[in-house]
Each structure stands twice: as structure tokens, then as C-alpha cells.
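**Q** Dropping a prediction and its sequence here:
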Amino acid sequence: MARKTVLYIAASLDGYIASDDGSIDWLVKYDSSASGYDEFISTIDTVVMGYATYRQLTEELSVGVWPYEGLDAYVVSSRDHEKRKEVTFVKDPMKLVEELKRKDGKTIWIVGGAKLAHSLFDAGLIDELVLTIIPETIGKGIPLFPKTPMTLQTIQTRHYGPFVEITYAIKSTKQG
């Protein structure tokens, strides 16, 4: 059985995952302990993220502490980078995810950001979306969804403090 890929992510009520400049200041003011994160993280063994997300994580959000210790971690980047012990840098996200899905293991978490998520949505390589809706609109920013139409099936909804978490199966993406 192929491993499942899940985009576990938070978005504003109006569908943005970050401000235009990539900032998530509007998000970090909320207490993330009121969420399903701990339960979710126990189901994964691999994280895949884009370089901008990695940079933001290591330079702003979790400086000096790698939050995914013990997990296989991959960072997608078009550039070459110095080897680091906590991550493996790769250039081709589609090839990476296809290879990971064929290996034994737990769920693969697509951490973000938008460029990576959009390309994997478009390629049909995201199986589920676990979306935590933050009760705030930010008016503009980096959208969660690509312009590619998708059909989603609601699997589950949960309520955590001020948040609503909806789990969707990605039924189909339509190229074009």
C-alpha cells in the first residue's frame, strides 16, 4: 500500500497561508496548542517543505531548535545548498514524493509553502488536506490553493478552541 501524503496547514478564513511578504504574524499570535497538531505529528515520519518555509522555520520561528527531530526531512530548492544534518536538499519535488510514496513508512507531511503545495496539487500528489481555519481575514496574501480546479471530499471536521479543522480527501485535480 502506498504511503499517504498530507498537506497539514493553517489558512485565514479568506484562504491565505501567509501575507504577501511571506509573513505569518497574523497566525503566530494564536495559541497553537489548541489544535490537532500533536495527534497529527504522531502519524508521520517524513516532512517535505519548500526552501522559503525551511528558511522561515530556521531563521525566525524555531531558531537553534530543529522541530522535526527524529523525522526524515526534505527541503525542495532549485539551488545547491551546503549539506546539513537535519535535512536532505532535493530539486525535484514530484520525483521525491513519488519515491517516498513507494517506500514503507508512515504518512508524509507536506509542510509548505505555497509553491511546493501548488505544484504537488497540480501533479495529483497530495492525497489529503488537513486545513485549520484561523478565524481571521487578512484581505490579501499567498493563497492556499492553486488555480487548478480540484474536487475534495470532506472526511472529518473538528473544533479546537477558536479553530476549525477540516480533513479533505483530494478526489481529483483537473489539469488545464
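**A** Sure, I can see it. Numbers count the residues shown, from 1 in each chain.

**Q** Which residue lies nearest the spatial centre of this protein?
**A** Val111 (2.7 Å; Cα atoms, centre = their mean).

**Q** distance of the closest residue to it other than its chain neighbours from Ile24?
**A** Leaving out its chain neighbours, the residue that sits closest to Val111 by Cβ to Cβ, 6 or more residues apart in numbering is Met49, at 3.9 Å. For every residue, glycine as well, the C-beta is placed using N, CA and C. To Ile24, Met49 is 14 Å away according to Cβ to Cβ, to the nearest Å.

**Q** More neighbours: which of these two?
**A** More crowded of Met49 and Ile24, by other Cβ atoms under 10 Å: Met49, with 25 against 21.

**Q** hey, what's the more buried one bridged with?
**A** Residues in a beta bridge with Met49, per DSSP bridges, are Val75, Gly112.

**Q** Kindly report the same for Thr167.
**A** Beta-bridge pairing of Thr167 under DSSP bridges involves Val130, Gln156.

**Q** For the remainder of this discussion, apply numbering that starts at 38.
**A** From this message on, residue numbering opens at 38, which makes the last subject Thr204.

**Q** Point out where this protein drops to low pLDDT.
**A** Of all residues in the chain, those with pLDDT under 70 make up the ranges 38, 209-213.

**Q** Show me where it has its strands.
**A** 42-49, 53-55, 81-87, 109-113, 125-127, 144-149, 165-171, 179-180, 187-197, 200-210 (DSSP state E).

**Q** CSV for those, including distance to Leu94?
**A** Converted to CSV, the strands of the chain look like this (distance: least, Cβ to Cβ, whole Å):
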stretch, distance to Leu94
strand 42-49, 14
strand 53-55, 13
strand 81-87, 8
strand 109-113, 10
strand 125-127, 14
strand 144-149, 8
strand 165-171, 17
strand 179-180, 16
strand 187-197, 22
strand 200-210, 21
